[in-house]
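*Asks:* Sequence plus the predicted model coming up.
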Amino acid sequence: MREITYRQALNEALREELEKDERVFIMGEDVAIYGGAYGVTTDLWKKFGDERVKDTPISESAIVGIGLGAALTGMRPVVEIMYIDFIPLCLEQLNNQVAKIRYMFGGKCTVPLTIRTEGGAGRTLGAHHSQSLEAWLIHIPGIKVVMPSTPYDAKGLLKSSIREDNPVVFIEHKMLYNTKGKVPEEEYVLPIGVADVKREGKDVTIITYSRMVLFSLEAASFLEKEGISVEIIDLRTLLPLDIETIVKSVKKTNRVVIVEEDCKTGGVGAEVLSQIIENAFDYLDAPIKRVAGADVPMPKSPVLEKLAIPDVERICKGVKEVL
Amino acid sequence: MIHEIIMPKLGETMEEGYLINWRKEEGEKVEKGEILFEVMSDKTNFEVESLYSGYMRKKLYQPSDKPIPVTTVIGYISDTLDEEIPEFSPKLPKAEEIKQIETEIEKKERKEEKDFTRIRITPIAKRIAIEKGIDVTKIKGTGPDGRIEKEDVLSYIGEKTEEKTKSEGEYIVKEWTPLRRIISERLTKSKSTIPHYYIEGKIVMDSIIKLKEEKKKQNFDFSYTDFIVYFCSRTIKEYPMMNSAIIEDQIRIYNTIDIGIAVSIEEGLVVPVIKSCEKKTLTEISEEIKKLVSKAKEGKLIKEEIEGGRFVISNLGMFKVEKFYPIINPPGVAIMGIGTILKEPFVLNDTIKICSTISISLSLDHRVIDGVYAGKFFQRIKELMEMPCLEE
C-alpha cells in the first residue's frame, strides 16, 4: 500500500469531500491562496475556486459563527482555526451556539459543521502556539472531538466528520503533518467514537491519542525488549469516549498508563481515569498512572519544551511504575 | 521511694470505681504483681495487682459504696518502712493528669486500630480472592507497601505457577491447583463438621442387567449409573429428606430432585448435576449424564451445571472396587457409593443361586437423616432396582 503524509491524507479527505458534495466548502485564515498555515489545504483553492475555498479575516469568532450559519442553512462547512490556542476567541460561538442550537431547537436543525484546528508542542512556538486544549472541548456537550494520530485515521475520520450532522472539532497535531503512513487509494471512512488498538499486549494498557500514540509505540518497542508487553489504545475520538474498548483492555491487562500531552490537571487523562474507575474498578491491579504534560505555560526554550511534555523515557518509566 | 496507688481505669467507659477490699494490710510486704486490692466497675470485679514491690504503707480509702474517680490516689507503697508518707489528702486528679491518662488510652486504642488496618489489595486481586473463596489475610502481598496483587492471589491458589512440581531432593513438591484447594477445603470441612454415618447393603442386579441388555437391543445404550440415578430419583420422591441441604442453619427440602454425579477429571473431581431428575425419563437422564461427563472431562462445565447438587452418586464399580464410603458433599446430606457388579452365590428362596450383585453404601448426615429413614430409603431402592419398572 502507498504511504503518504498526514498532511496529504487530510488534503485528500478535503478534496474528495469537496468533489463529492457541493455543500462542502472550506473557510479560514490563509486556507485559500496560501494553502493553510501547515499546508493542509494546498491547491484546493486552485481546483475549487473562491466560492468553495475562502480566506477570512482574522476573526475566529466570525469564522465559527459564519460556519454555524452556513451549516444551519444546509451547507457542510469545514472551517479552520489555525491554532487551537485561538479557540478561546471563538468559544462563545462554539460553546454557546454551535454546541447548543440543535438541542435548543428541539432537534429541528442539524449542525453539520467541522472545525479543523491543530495543537500541540514541538516547534518551540512558545506559550501562545503550542497548547493542547482538548480537555476544554470535551467539557462541551453537543460537539464531538476527534484527534487522530495516523494518516490513515486522519483521512477516514475527517471524511466522517464532514459527513456528520453534528458539530465536530477535528484536532490535528503540528508535529504529525510530516509523518507518513499507509493509506489506501480507494475511498474509506472511519467511525467517530471508536478507539483503535494500535498494538496488542498483555501486561499493561497505555491509553493515549494524537502524537503521544507515536511516542507510546516507541516506548512499547523498548519495553518489549525488557519482556514487558504493552497494549496501546489510540482513543482517536475524545468525545464521545470509547469506554468499551478501554474496559475490554483493562480487563485483559489490569494495569493502565494514560499518556497525554495536555496539562495533567483537569486533562483528558483525568476523564479517562475516572471512567475506568467507574466502569472497571474491579479489574485494576495497580493505581492508574498518568504520564502527562506539565502544568505550565508551554516554554519557548526547546530544552524546556521537551521537558514539559511526555517523552519516550518518561512513558517507559510510567509503565514500570504500574507493574 | 514512695509510690502512689491509684484507682485504675479498667475500661473505656469507666469513670469511677468502687473499692471492694484491700488484700494487704498497712505495713505488710508487697511484691510486684501481687493482688493489692479489688475494684468493682460498672459490671465486674477486678483484682488489681501491685505495680511495685515494697511495703503497703497507707490506705487513703476504705472499702465503701462510694465511688472513687479513676486515677485518684487511694494509698501508698514505699520501698522501705521508714520513709515518710504524705499527708492524707484525698484529691481529684489534676486536669493535666486526666489528659495524660486519656492520651495514653487513645494511644492504646490507636494501636489496637492499627492491628486491624485495612488489607492493601488491588481490586482485581480482591475480586479473584472472593470468587475463589480465599482468605486474603493469608496472602503475602508483593506490591508496593505489601499490596496484594492479582499475581499474589493466583500464585497462592497455584494457578500462575508454571512449574507444577518442584524437586526437593528426596521428594517432589506438587503445587496446589485451585481445584485441589477447593476439594481440600470442602471435604475437610465436611468430614470434620458433619456427623457422618454409613449404611450399606447389596442389591441383586440381574433384572437391571437384563433390562440393560434388552434396551441395548433397541439401540439404547444405558450405563449402570444411568439406571441408578433414575431409580434414586424415583426413590427420593418418596424420601424427600434425602434431597435436603443445610444452608444458613436451615434444613431446606427442595422441590426438584437434582442429583450430582462425581466425575473424575485430570486434576481431581467435579460433581455435575442432573437437574429435575424426577421429571426425566431414563433416556433423558442418560443423555444428560453423557453430555455432562464429556463436558467435565473437557473442563467445559459452566457454573450452573455444577451448582445445586444435593444427593450425590459416586461410582467406583468400574475399577472393581467392591465398596467404599464417600464423604458427604455439602450442603447435601447424603452421598451414595456404588461398587462393582460381582457374581456370587446368593440365597434366594432358600436355594443358592449365582447372582450379580452390587454393594451400595450411603454416607449420611445424622443431623438430618436418622438411621431408620436411611434404612427405609435403602430398602425401597433395593425393591425398585430388583424389580425394575420404567416410567416412560
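*Replies:* Received the coordinates, thanks.

*Asks:* residues touching B:Glu84, list them.
*Replies:* By C-beta atoms under 8 Å, 6 or more residues apart in numbering or on different chains, the residues touching B:Glu84 are B:Ile2. Every residue, glycine included, has its C-beta placed from N, CA and C.

*Asks:* Ok, B:Val273 next?
*Replies:* Listed by C-beta under 8 Å, 6+ apart, the contact set of B:Val273 reads B:258-261, B:292, B:305-309.

*Asks:* Can you pull the phi and psi angles for it?
*Replies:* phi -120, psi 130 (degrees, to the nearest 10).

*Asks:* for chain B, what are the nearby residues on the stretch 201-323 of chain A?
*Replies:* A:254, A:281-286 (C-beta under 8 Å from any C-beta of the partner chain).

*Asks:* now that we have those residues, which one has the most neighbours?
*Replies:* Within these, A:Asp285 tops the neighbour count with 27 neighbours, counted by other C-beta atoms under 10 Å in any protein chain shown.

*Asks:* Can you get me a residue count around B:Lys382?
*Replies:* 17.

*Asks:* I'd say it and B:Ile203 touch.
*Replies:* Yes. Between B:Lys382 and B:Ile203 there is a contact at 5.1 Å, judged by C-beta atoms under 8 Å.

*Asks:* sorry, back to before: is it possible to mark the buried ones in the contacts of B:Val273?
*Replies:* Buried subset of these (neighbour count, 16 or more other C-beta atoms under 10 Å in any protein chain shown): B:258-261, B:292, B:305-306, B:309.

*Asks:* Can you tell me which of those lies closest to A:Gly39?
*Replies:* Nearest to A:Gly39 out of those is B:Glu305 (C-beta to C-beta; 63.9 Å).

*Asks:* what sits against that closest one?
*Replies:* Counting by C-beta under 8 Å, 6+ apart, B:Glu305 touches B:272-273, B:292, B:295.

*Asks:* Restricted to strands, list those residues.
*Replies:* Using DSSP state E, the subset of the contacts of B:Glu305 located in strands is B:Val273.

*Asks:* For the stretch 101-250 of chain A, which segments are assigned as helices?
*Replies:* A:101-104, A:134-137, A:151-163, A:211-225, A:243-253 (DSSP state H, counting those that start in this stretch).

*Asks:* Roughly how far does the residue nearest the centre of chain A sit from A:Gly267?
*Replies:* In chain A, the C-alpha nearest the mean C-alpha coordinate belongs to A:Met147, at 1.4 Å (C-alpha atoms, centre = their mean). Taking C-beta to C-beta, to the nearest Å as the measure, A:Met147 falls 13 Å from A:Gly267.

*Asks:* One more: B:Ile139?
*Replies:* Per C-beta to C-beta, B:Ile139 is found 36 Å from A:Gly267.

*Asks:* Looking at the two, which has the bigger crowd around it?
*Replies:* Shown here are B:Ile139 and A:Gly267; by other C-beta under 10 Å, A:Gly267 has more neighbours (22 against 19).

*Asks:* name the element A:Glu12 belongs to?
*Replies:* Using DSSP states H and E, A:Glu12 maps to helix A:6-20.

*Asks:* what's the angle between that helix and helix A:151-163?
*Replies:* 30 degrees (axes from the mean of the first three to the mean of the last three C-alpha atoms, to 10 degrees).

*Asks:* for the next helix or strand after helix A:6-20, packing partners?
*Replies:* Next helix or strand after helix A:6-20 toward the C-terminus (DSSP H and E): strand A:24-28. Other elements packing on strand A:24-28 under the criterion 3 or more C-beta pairs under 8 Å, 6 or more residues apart in numbering or on different chains; DSSP states H and E are helix A:6-20, strand A:53-55, helix A:60-72, strand A:76-81.

*Asks:* hmm, 10 Å instead?
*Replies:* For strand A:24-28, the elements it packs on are helix A:6-20, helix A:44-48, strand A:53-55, helix A:60-72, strand A:76-81, strand A:114-119, judged by 3 or more C-beta pairs under 10 Å, 6 or more residues apart in numbering or on different chains; DSSP states H and E.

*Asks:* Just checking: what are the partner strands of the last one?
*Replies:* Using DSSP bridges, the strands paired with strand A:114-119 in its sheet are strand A:76-81 (parallel), strand A:168-173 (parallel).

*Asks:* The stretch 151-300 of chain B: strands as residue ranges?
*Replies:* B:165-167, B:172-174, B:196-204, B:244-247, B:250-253, B:259-261, B:263-265, B:268-270, B:273-274 (DSSP state E, counting those that start in this stretch).

*Asks:* cool, and the stretch 151-300 of chain A?
*Replies:* Here the stretch 151-300 of chain A has its strands, by DSSP E, counting those that start in this stretch, at A:168-173, A:180-182, A:196-199, A:204-208, A:230-234, A:237-239, A:256-263, A:289-293.

*Asks:* What average pLDDT does stretch B:61-73 get?
*Replies:* Stretch B:61-73 carries an average pLDDT of 83.

*Asks:* can you tell me the distance between the two ends of that stretch?
*Replies:* This stretch, stretch B:61-73, spans 9 Å end to end (C-alpha to C-alpha, to the nearest Å).

*Asks:* Now do that stretch: distance to the chain's middle.
*Replies:* Relative to its chain's centre, stretch B:61-73 lies at 48 Å (C-alpha atoms, centre = their mean, to the nearest Å).

*Asks:* same question, stretch B:207-215
*Replies:* A distance of 44 Å separates the centroid of the chain from that of stretch B:207-215, by C-alpha atoms, centre = their mean.

*Asks:* Of all the residues in that stretch, which ones are buried?
*Replies:* Residues B:208, B:211-212, B:215 are the ones in stretch B:207-215 that count as buried (16+ other C-beta under 10 Å).

*Asks:* Could you work out the most separated pair of these?
*Replies:* Using C-beta to C-beta, the buried residues of stretch B:207-215 span at most 10.3 Å, a distance reached by B:Ile208 and B:Lys215.

*Asks:* Now do the phi/psi pair for B:Ile35.
*Replies:* phi -70, psi 130.

*Asks:* What distance do you get for A:Lys144 to chain B?
*Replies:* Going from A:Lys144 to chain B by C-beta to the nearest C-beta, to the nearest Å gives 31 Å.

*Asks:* and what of A:Lys108?
*Replies:* 46 Å.

*Asks:* just to revisit the earlier point, could you dump the residues of the stretch 201-323 of chain A next to chain B to CSV with pLDDT?
*Replies:* Listed next are these as CSV, based on pLDDT from 0 to 100:
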residue, pLDDT
A:Asn254, 95
A:Phe281, 94
A:Asp282, 90
A:Tyr283, 93
A:Leu284, 95
A:Asp285, 93
A:Ala286, 94
